[in-house]
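Q: sequence first, predicted coordinates after that:
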Amino acid sequence: MFILAELPHGVAERLRAINERYDPRLARYKPPHITLTGSSGVGPIPPFVTVEEMAAKLEPIAADTPPIKLSFDAPTRFMQTDIIVLPLDPHGELRRLHDRIATSGLPFGRARHTFSPHCTLSLYQTLAEAARAELLKTRISRPFVIEAIQVYHTRDPQPSRKLLEFKLTGGSQKG
């Protein structure tokens, strides 16, 4: 199980269209999102953890966290792969949210990577050079706000299933 932050309406539709064009399998997998836990920083939540336990640990964090304003950086490609992502600054409020979740008392599997928040543009497809170059030119320049976090049960190749959602309702956003 992964903890995500689904992207807001306008940016989500733009990224869904990019996913459908360059990686239709990814477009069917989950809505456009930022992965907070599961693949970087900390691994996935093991399947033995109950929905009630996750809710008890995550609800207070969400209630104490204000919505987070973010902006994507230019796309990057993971070395020697066709995985192309729009990275985010791994510091600041997003990092604090990740760290609070990571130290919430929930058990997590082993992470494959250090915390590197991003939205994936291409994951499953082997891209032609022209498609890869087009994706690397993608820019999402408008800032957006994350207002909630979600817990998804992921069972590849099946579509993911949303288990929980928590609004970020803590106070007003700083700076």
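A: Perfect, I can see it now.
Q: what pLDDT is listed against the residue nearest the centre of the chain?
A: Compute the mean C-alpha point of the chain, and by CA atoms, centre = their mean the closest residue is Ile34, 1.8 Å away. Listed pLDDT for Ile34 reads 95.
Q: next one: Leu97
A: pLDDT for Leu97: 97.
Q: check the one 4 residues further on too.
A: With respect to pLDDT, Ile101 scores 97.
Q: now the strand or helix carrying it: buried residues?
A: Following DSSP states H and E, one finds Ile101 within helix 93-102. Judged by neighbour count (16 or more other CB atoms under 10 Å), helix 93-102 contains these buried residues: Glu93, Leu94, Leu97, His98, Arg100, Ile101, Ala102. To be clear about C-beta, it is placed using only N, CA and C from the backbone, and glycine gets the same treatment.
Q: show the average pLDDT along the helix or strand just after it.
A: Using DSSP H and E, the helix or strand that directly follows helix 93-102 along the chain is strand 118-122. The average of the pLDDT scores along strand 118-122 is 91.
Q: partner strands of strand 118-122, parallel or antiparallel?
A: strand 84-87 (antiparallel) (DSSP bridges).
Q: now do the helices in this structure.
A: 9-22, 24-29, 51-63, 93-102, 129-136 (DSSP state H).
Q: now do the same for the residue lying closest to Gly38 once chain neighbours are set aside: its pLDDT.
A: The shortest distance from Gly38 to any non-neighbouring residue, by CB to CB, 6 or more residues apart in numbering, is to Phe2 (3.2 Å). The confidence metric pLDDT takes the value 93 at Phe2.
Q: ok, so what distance separates Phe2 from Tyr152?
A: Taking CB to CB, to the nearest Å as the measure, Phe2 falls 5 Å from Tyr152.
Q: any residues in contact with both of the two?
A: Residues touching both Phe2 and Tyr152 (CB atoms under 8 Å, 6 or more residues apart in numbering) are Ser160.
Q: neighbour count for these two, which is higher?
A: Tyr152 (24 against 19; other CB atoms under 10 Å).
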